[in-house]
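Colleague: This is a predicted model, with the sequence first.
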Amino acid sequence: MPGRNHLYIPGPTNIPDSVLSAMHVPSEDHRSPNFPKLVTPILENLKKIFHTEKGQCFIFPATGTAGWEVAITNTLSRGDKVLAYRFGQFSHLWIDLAKRLGMDVEFHEVPWGEGVPLDHLEARLKEDKGHEIKALLICHNETATGVTSDLPGVRKALDNANHPALFFVDGVSSIGSLEFRLDDWGVDVGLAGTQKGFMLPAGLCLLGFSQKALKARETAGCNRAFLDIHDHMVHNPGGYFPYTPAIPLLHGLKKAMELMLEEGMDNVWKRHARLAEGVRCAVRGWGLEMCAKDPKWYSNSVTAIVVPEGFDARDVMHYAYHRYNLSLGAGLSEVLGKVFRIGHLGDLNELMLASAITGSEMSLLDAGIKVTPGSGIAAASEYWRKTAAPLAPRA
Ligand code: PLP
């Protein structure tokens, strides 16, 4: 099909040209005296993006899923109790992984479209007087439903209960696009992948560990080998890795983080918030519902849109892909066929997103869903126009 594919799945996301160019490098010697010049600033900038001065960041040649395992195996022992809430495919998969690693997983079902229920969490932590719960597995942004949970609220629940559980955060679709502060929010392990807010291909798993989590490693009994942070703690200070790193991805990460820090993380978060609200205006313009049940859950990196009863969201995606070269995110598992998703994270601006909205609108109509032509894009564009940064008139 002529023209480029319009990629609006919630990861992998669009890669800026300068990041693509940065990855176009010849092979190099990862044990050379020059190599730390690449690695050391990357580890320093990663700390800025995770908002940690006290903690330590790690990079594994892996994906977000490995990050779940790194968090657990480096801090806990087989049979330890962990507490989680299941409200989408990714919170579900983390629970499944924790079980497979031999954790005693206590999980609570939450309707898909909601996030971490803070009252329940605080009550459960207060009830756990013997501190049997060793860690919380919290999916910050449930990519399957477009729901963001309140991380400072989780920290408050831990503090109110005076509970010492480790606080693990899956930030795969939040870190780098939504506000995240490892130190200020008392997060013990935060984890991300490169293919979302970091605007890169998949292939690196990025983590931030608090001092408390680093200390927990000393007594953690889980078996670990390739994913042991200790080997990184030995090699990283000199600017090296314990095994052959994915060098082109490191060059890409360096460039991507430079772009993010140049824009400023506050501005990155604000841009995502404004773009996301435009998408939500479009959904309201169509008269459709979001999967996120209440504004307090709205995600600024992905919106899951519910198709009306009697329709199948896969038809919308079918027309989008085959007629308009537009890739939308599918509904996963329990919401298969019920929702389609627009990913709005990473290297993105209003008019890029306008193509996703227009293409979705055309595909909704093609699938027989009666939305008013132009209603979505009109609502989004008016919102973006009215909230645009002031610009001096042409001289
Ligand atoms: N967690 C969340 C919230 C995700 O969205 C994803 C992937 O989309 C994952 C974890 C798994 O990450 P990966 O596919 O990089 O292993």
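Modeller: Yep, that arrived.

Colleague: Please tell me how far the residue nearest in space to the middle of the chain sits from residue 303.
Modeller: The residue lying closest to the centre of the chain (CA atoms, centre = their mean) is residue 173, at 1.2 Å. Distance of residue 173 to residue 303, computed by CB to CB, to the nearest Å: 12 Å. Backbone N, C-alpha and C define where each C-beta goes, glycine included.

Colleague: Which parts of the chain are helices?
Modeller: 17-22, 36-50, 64-73, 89-100, 118-127, 151-160, 211-216, 229-235, 247-263, 265-286, 313-324, 350-366, 375-386 (DSSP state H).

Colleague: What is the burial count for the closest residue to the ligand within the stretch 1-150 of the chain?
Modeller: Evaluated by CB to the nearest ligand atom, the stretch 1-150 of the chain has residue 64 as its residue closest to the ligand, separated by 2.7 Å. Residues lying near residue 64 (other CB atoms under 10 Å) number 25.

Colleague: list the contacts for it?
Modeller: 170, 172, 191-193, 205 (CB atoms under 8 Å, 6 or more residues apart in numbering).

Colleague: any idea how far it is from residue 70?
Modeller: Remark: distance between residue 64 and residue 70 (CB to CB) = 10 Å.

Colleague: Any chance you could list residues touching both of those two?
Modeller: 191, 205.

Colleague: nearest residue to residue 177 other than its sequence neighbours?
Modeller: residue 197 (3.5 Å; CB to CB, 6 or more residues apart in numbering).

Colleague: and the one you found, what does it touch?
Modeller: Contacts for residue 197 (CB under 8 Å, 6+ apart) come out as 13, 173-178, 268, 301, 345-346.

Colleague: quick revisit: was I right about the residue nearest to the centre of the chain contacting residue 10?
Modeller: Yes. Counting by CB atoms under 8 Å, residue 173 does reach residue 10; the two are 5.8 Å apart.

Colleague: list residues touching both of these two?
Modeller: In contact with both residue 173 and residue 10: 143, 196, 301-302, 345, using CB under 8 Å, 6+ apart.

Colleague: out of the contacts of residue 197, who's near the ligand?
Modeller: Filtering the contacts of residue 197 for proximity to the ligand (criterion: CB under 6 Å from any ligand atom) leaves residue 173.

Colleague: out of the contacts of residue 197, which is most surrounded?
Modeller: residue 177 (34 neighbours).

Colleague: thinking that residue is in contact with residue 270, fair?
Modeller: No. If you go by CB under 8 Å, residue 177 and residue 270 don't touch, sitting 11.0 Å apart.

Colleague: Residue 391: how many residues sit nearby?
Modeller: 6.

Colleague: Quick one, grab the pLDDT at it.
Modeller: Here the pLDDT value assigned to residue 391 is 94.

Colleague: Same check on residue 64?
Modeller: On the pLDDT scale, residue 64 gets 98.

Colleague: For it, give its distance to residue 169.
Modeller: Where residue 169 is concerned, residue 64 sits at a distance of 12 Å (CB to CB).

Colleague: What residues does the stretch 201-350 of the chain have near the ligand?
Modeller: Residues of the stretch 201-350 of the chain lying near the ligand (CB under 6 Å from any ligand atom): residue 202.

Colleague: Just the closest residue of the stretch 201-350 of the chain to the ligand, please.
Modeller: Closest contact between the stretch 201-350 of the chain and the ligand, by CB to the nearest ligand atom, is at residue 202 (5.4 Å).
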